[in-house]
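> here you go, sequence then predicted model.
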Amino acid sequence: MSTDLFINGEFKEAKEKQNIINPSTGKAIAQAGVASLKDVDSAIAGARAAFDQGEWPRLSLAERKDFISKISQGILDNAGELAELESLNTGKPIKETTFMDIPSAAKTFEYAANNFERFLSSEELNVSGKAKAVLRREPVGVVVLIVPWNYPLLIACWKLASALAAGNTVILKPSSLTPLSALKLAGIAHTAGIPAGVVNVINGSGDKIGAALCADRRIDMLSFTGSNEVGRKILEYSSQNIKKSIMELGGKSASLIFNDADLDTAVNSSLVSIFLNQGQMCTAMSRIFVQDSLYDKFVVSFVEKARTIKLGPADSHETQMGPLISENQRKRVIAFVEKAKAEGAQVLCGGKIPQDPALKNGFFFEPTVIIDVKPQMTISKEEVFGPVVTISRFSNSDEAVKLANASDFGLAACIWSKDINFAERVACQLNSGTVWINTYGMFYNQLPYGGFKQSGFGKELGREGFLEYTRLKNIIIDQSADSRPLVNYWYGF
Ligand code: NAD
């Protein structure tokens, strides 16, 4: 399979190619085109022309709606192929891509098509007896969407659906590890009749093309999801020509399990909250805190069940946990576990590469549980982005809140308790953009999502996520009775 770049409405052969690796086997599954700086320039020029001279930003959302709904339908029509592709490219078990990533991606477009129109209507304000104002929502312009490898299609769709519904033109840059589903999405957008230049997809290494893409004067906005390290670079590039940015960055999320929680539910759900997608989730609950009297039972049950999670290739329906995305990522995870041990923590289960010969070529790593951690240890502070969790105890809710908030990140948190009023009070004290009570990982197209502190700024999804892709203009109209505004008299002429 060979995939190219999608620029200005056409698939374009790239001069340079790269191998795309299946993390379950370590083998190449495709060759993807890699954008040159000239390709970046063409994509920016195409998106700029489509915004400045094209019809897309000038259509109403009612008129754009048909195209956006067709993208949703296109994703559903290709759901099987997309699920396989995503699974093959990311190592995400096929059950996850089939039931989560792909249908959720389609729903995001459907929701954008049917629900955002009302947020675009202009508002009239009588600001004084002599003036009225019109507040008008407009698209921002040319928007660069940069997405990570952990949810390549879904995160691309979160950004793309809002950006397109608002009338922007876009350049989507997938991670160079996982560009396949984004290129398929380009084909779906093309078939849906999206005009040339409105959607451009260019694969390429961030180090090579990032600066050219993000610092360019012709770009109006950057929407980035990824690591803090790269987020900082992107903010530097964007500062060269001052651009609106949204940053969805890393996390070190905490789950608080109180004495009155149902043990089995808390254990089963907490396993998912860290081991789903091999722990490669920005909202992974990588720090679990359990109240004193439940702690021992929780740890025994959690470890017992973690040991039985079935590792296997992503394309098998039996697989509960696939491989990590790459050998580099696995090395990074191993280094975190080794450092935790060196700093005095204890590994209760996992912490190593599985011995099963059937898995030897993939980038597998066992579900890992670490105890005896202290807040100042690296494992408590830094994002591992792998199947590694620490479990610690607390005595009361004040201590639990203090422990949960003792992080530079503020993306998400979980609370497990039968007392909902109490749980809500605790939620209000947590320094996190999202708090789940007695559940985990539920994202809704209606609800804005985004982190606090080092987890970034700006929202995805919901009204606020959509409005990020708009700019607000105020038009002030003089209404003085003699048609001579105050400014007319200032110099006394
Ligand atoms: P990453 O930061 O390495 O890469 C993200 C994207 O940035 C990729 O497309 C990459 O090619 C690109 N990139 C890399 N260097 C660049 C540069 N110099 N200029 C421009 N673009 C560049 O992140 P990753 O490893 O793909 O994903 C994991 C990270 O993403 C984790 O930190 C995770 O927490 C975060 N994440 C956050 C959210 C959220 O919503 N907050 C969601 C998913 C993932």
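Perfect, I can see it now.
> can you tell me the helix or strand for residue 428?
Residue 428 belongs to helix 420-429 when elements are defined using DSSP states H and E.
> which strands or helices does that helix pack on?
In terms of contacts (3 or more Cβ pairs under 8 Å, 6 or more residues apart in numbering; DSSP states H and E), helix 420-429 is packed against helix 397-405, strand 412-416, strand 434-437. Any C-beta I mention is one placed from the backbone N, CA and C, and that applies to glycine too.
> and the gap between the residue nearest in space to the middle of the chain and residue 173?
Geometric centre of the chain, nearest residue: residue 155, 4.7 Å, by Cα atoms, centre = their mean. Per Cβ to Cβ, to the nearest Å, residue 155 is found 12 Å from residue 173.
> can you check which residues contact both of the two?
Common neighbours of residue 155 and residue 173, using Cβ atoms under 8 Å, 6 or more residues apart in numbering, are residue 147.
> and the nearest residue to residue 34 once chain neighbours are set aside, how many neighbours?
Once flanking residues are discounted, residue 34 sits nearest to residue 16: 4.2 Å by Cβ to Cβ, 6 or more residues apart in numbering. A count of neighbours around residue 16, defined by other Cβ atoms under 10 Å, yields 12.
> which ones are touching residue 16?
Applying Cβ under 8 Å, 6+ apart to residue 16 gives the contacts 33, 34, 36.
> can you flag which of these belong to strands?
33, 34 (DSSP state E).
> residue 408 reaches residue 453, doesn't it?
Yes - at 6.1 Å, residue 408 counts as touching residue 453 under the criterion of Cβ atoms under 8 Å.
> more neighbours, these two?
Applying other Cβ under 10 Å to residue 408 and residue 453 shows that residue 453 carries more neighbours, namely 17 against 13.
> identify the bridge partners of the more buried one.
Beta-bridge pairing for residue 453 (DSSP bridges): residue 409.
> shouldn't it be in contact with residue 406?
No - counting by Cβ under 8 Å, residue 453 stays clear of residue 406, with 11.4 Å between them.
> which single residue of the stretch 1-150 of the chain ends up nearest the ligand?
Relative to the ligand, the nearest point of the stretch 1-150 of the chain is residue 148 (3.1 Å; Cβ to the nearest ligand atom).
> what strand or helix carries that residue?
Counting by DSSP H and E, residue 148 is found in no helix or strand.
> distance of the residue lying closest to it once chain neighbours are set aside relative to residue 247?
Counting by Cβ to Cβ, 6+ apart, residue 148 lies nearest to residue 226, which is 4.5 Å off, once chain neighbours are set aside. In this structure, residue 226 and residue 247 are 9 Å apart, going by Cβ to Cβ.
> same check, this time on residue 240
17 Å.
> of those two, give the one with the bigger neighbour count.
residue 247 (22 against 12).
> quick one: the helices in the stretch 101-250 of the chain?
102-115, 152-165, 180-191, 206-215, 228-239 (DSSP state H, counting those that start in this stretch).
> now render these as CSV, adding mean pLDDT.
Formatted as CSV, these follow (pLDDT from 0 to 100):
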stretch, mean pLDDT
helix 102-115, 98
helix 152-165, 98
helix 180-191, 97
helix 206-215, 96
helix 228-239, 97
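> which one of the ones you listed has the most crowded surroundings?
Greatest average neighbour count among the helices of the stretch 101-250 of the chain goes to helix 152-165 (a mean of 27), per mean count of other Cβ atoms under 10 Å.
> now that helix against helix 102-115, angle please.
10 degrees (axes from the mean of the first three to the mean of the last three Cα atoms, to 10 degrees).
> on contacts alone, who are the packing partners of helix 152-165?
Using 3+ Cβ pairs under 8 Å, 6+ apart: helix 152-165 touches helix 61-77, helix 79-90, helix 102-115, strand 142-146, strand 169-173, helix 180-191, strand 221-225, helix 462-467.
> tell me how far residue 171 lies from residue 304.
For residue 171, the distance to residue 304 - Cβ to Cβ - is 48 Å.
> residue 231 now?
Separation of residue 231 from residue 304 (Cβ to Cβ) stands at 38 Å.
> could you do residue 75 as well?
Between residue 75 and residue 304 the computed distance is 39 Å (Cβ to Cβ).
> wait, which of the helices and strands packed on helix 420-429 is closest to residue 310?
Among those, strand 412-416 comes nearest to residue 310, with 24.1 Å by Cβ to Cβ.
> close to the ligand, is the closest one?
No - taking Cβ under 6 Å from any ligand atom as the criterion, strand 412-416 and the ligand are apart, separated by no less than 8.8 Å.
> average pLDDT for that strand?
Strand 412-416 shows a mean pLDDT of 98.
> can you give me the buried ones in that strand?
412, 413, 414, 415, 416 (16 or more other Cβ atoms under 10 Å).
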